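> Only the shape, not the letters, is given here:
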């Protein structure tokens with residue numbers, strides 16, 4: 001890991017991508033789109049059967065699924081989402097920083113806190129996007145070229161209803177054999193969410209031509225537009 005400046009971090013990740021074998025590099029393109037199989041880009045996964053409506057105007061969802069650059073960039077393009085913050089969940093406040101989390105000893109996962117209007121998009125629909133085009137829920141402690149527990153797949157629920165929706169949906173997808181491999185997504189109560197450093201926010205928007213972003217994250221947005229056009233917003237919200 002570099003000194004914490006965004007340019008050093010970007011070079012580290014891009015160098016890792018350049019060192020990948022060509023076959024793995026090609027596979028990473030598919031994984032970056034959040035699919036367990038190539039044809040997942042051509043069709044949506046089933047919507048959650050349990051997804052109760054909400055009478056509130058604003059709720060939050062905290063999700064982890066690989067590098068937060070791509071997760072933030074993707075959900076900023078979802079209709080009904082009003083704000084997305086990149087950050088850390090699962091560990092303590094004093095270790096919620098890029099350098100510490102990168103040691104894979106803090107318990108944190110790179111996460112996003114999504115503020116949304118449930119009258120426009122439900123929590124269950126956000127999970128549908130999360131499981132289909134945001135990341136690969138069958139990868140254990142890794143996403144694409146990034147490995148370690150900080151890149152794990154995890155849902156941090158903020159209340160019993162979110163927990164119920166998440167557990168029911170994973171059970172539904174598992175029973176339907178939507179993915180060839182088992183879903184490894186963890187479900188845990190949200191103990192805290194801590195914003196990432198300022199230079200980590202809106203990284204995809206600020207660095208659209210970064211090799212890491214082009215390979216791993218831009219395909220997620222393209223997949224969202226292709227698979228869920230009804231939820232796609234061409235203009236992203238920004239941090």
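Looks like it came in fine. Here the structure is a predicted model, which is why all the values come from computation and not from measurement.
> Just list the residues touching the residue lying closest to residue 166 once chain neighbours are set aside, thanks.
Spatial nearest neighbour of residue 166, chain neighbours left out: residue 155 (4.8 Å); criterion: C-beta to C-beta, 6 or more residues apart in numbering. Every C-beta, even on glycine, is put in place using the N, C-alpha and C of the backbone. Residue 155 makes contact with 62, 63, 64, 127, 130, 162, 166, 185, 186, 187, 188 under the criterion C-beta atoms under 8 Å, 6 or more residues apart in numbering.
> go with 10 Å
Neighbouring residues of residue 155 by C-beta atoms under 10 Å, 6 or more residues apart in numbering: 61-65, 111, 127, 130-131, 137, 162-163, 165-167, 169-170, 185-188, 190.
> Among these, which lie within helices?
Under the assignment DSSP state H, these contribute 127, 162, 163, 165, 166, 167, 169, 170 to helices.
> tell me the two of the residues you listed that are most distant?
Maximum pairwise distance in those, criterion C-beta to C-beta, is 12.7 Å, between 162 and 170.
> Tell me how many other residues crowd the closest residue to residue 52 other than its chain neighbours.
Excluding its sequence neighbours, the residue lying closest to residue 52 (C-beta to C-beta, 6+ apart) is residue 161, at 6.9 Å. For residue 161, the neighbour count with other C-beta atoms under 10 Å is 14.
> and if you look at residue 180?
Neighbours around residue 180, by other C-beta under 10 Å: 8.
> Assign a three-state SS to it, would you?
coil (DSSP: H, G, I helix; E, B strand; the rest coil).
> For it, give me the pLDDT.
Looking at residue 180, its pLDDT stands at 91.
> Okay, now the unreliable bits of the protein?
Across the chain, the ranges flagged by pLDDT under 70 are 1-43.
> For it, list the residue farthest from the centre, please.
residue 55 (25.9 Å; C-alpha atoms, centre = their mean).
> right, and that residue touches residue 117 too?
No - the criterion here is C-beta atoms under 10 Å, and residue 55 misses it with residue 117 at 11.7 Å.
> okay, and the common contacts of the two?
By C-beta under 10 Å, 6+ apart, no residue touches both residue 55 and residue 117.
> and the strand or helix carrying residue 87, which residues are buried?
In this assignment (DSSP states H and E), residue 87 forms part of strand 81-89. The neighbour-count check on strand 81-89 (16 or more other C-beta atoms under 10 Å) flags 81, 84, 85, 86, 87, 88, 89 as buried.
> among the residues you listed, which two are most distant?
Across the buried residues of strand 81-89, the longest distance by C-beta to C-beta is 19.9 Å; it joins 81 and 88.
> Name the residues of stretch 186-194 that are buried.
Those would be 188, 190, 193, 194, for stretch 186-194 by 16+ other C-beta under 10 Å.
> ugh, typo on my part, it should be stretch 204-215
Going by 16+ other C-beta under 10 Å, stretch 204-215 has these buried residues: 204, 207, 210, 212, 213, 214, 215.
> measure the second one to residue 234 for me?
So the one you mean is residue 207. 19 Å (C-beta to C-beta, to the nearest Å).
> Please enumerate the helices of this protein.
Counting by DSSP H, the helices of the chain are 6-18, 22-32, 68-75, 98-101, 123-129, 160-175, 203-206, 211-216, 218-227.
> just how off-centre is the fifth one within its chain?
Put plainly, it is helix 123-129. Centroid separation between helix 123-129 and its chain, computed with C-alpha atoms, centre = their mean, to the nearest Å, is 12 Å.
> packing partners for it?
strand 59-65, helix 68-75, strand 109-116, helix 160-175, helix 218-227 (3 or more C-beta pairs under 10 Å, 6 or more residues apart in numbering; DSSP states H and E).
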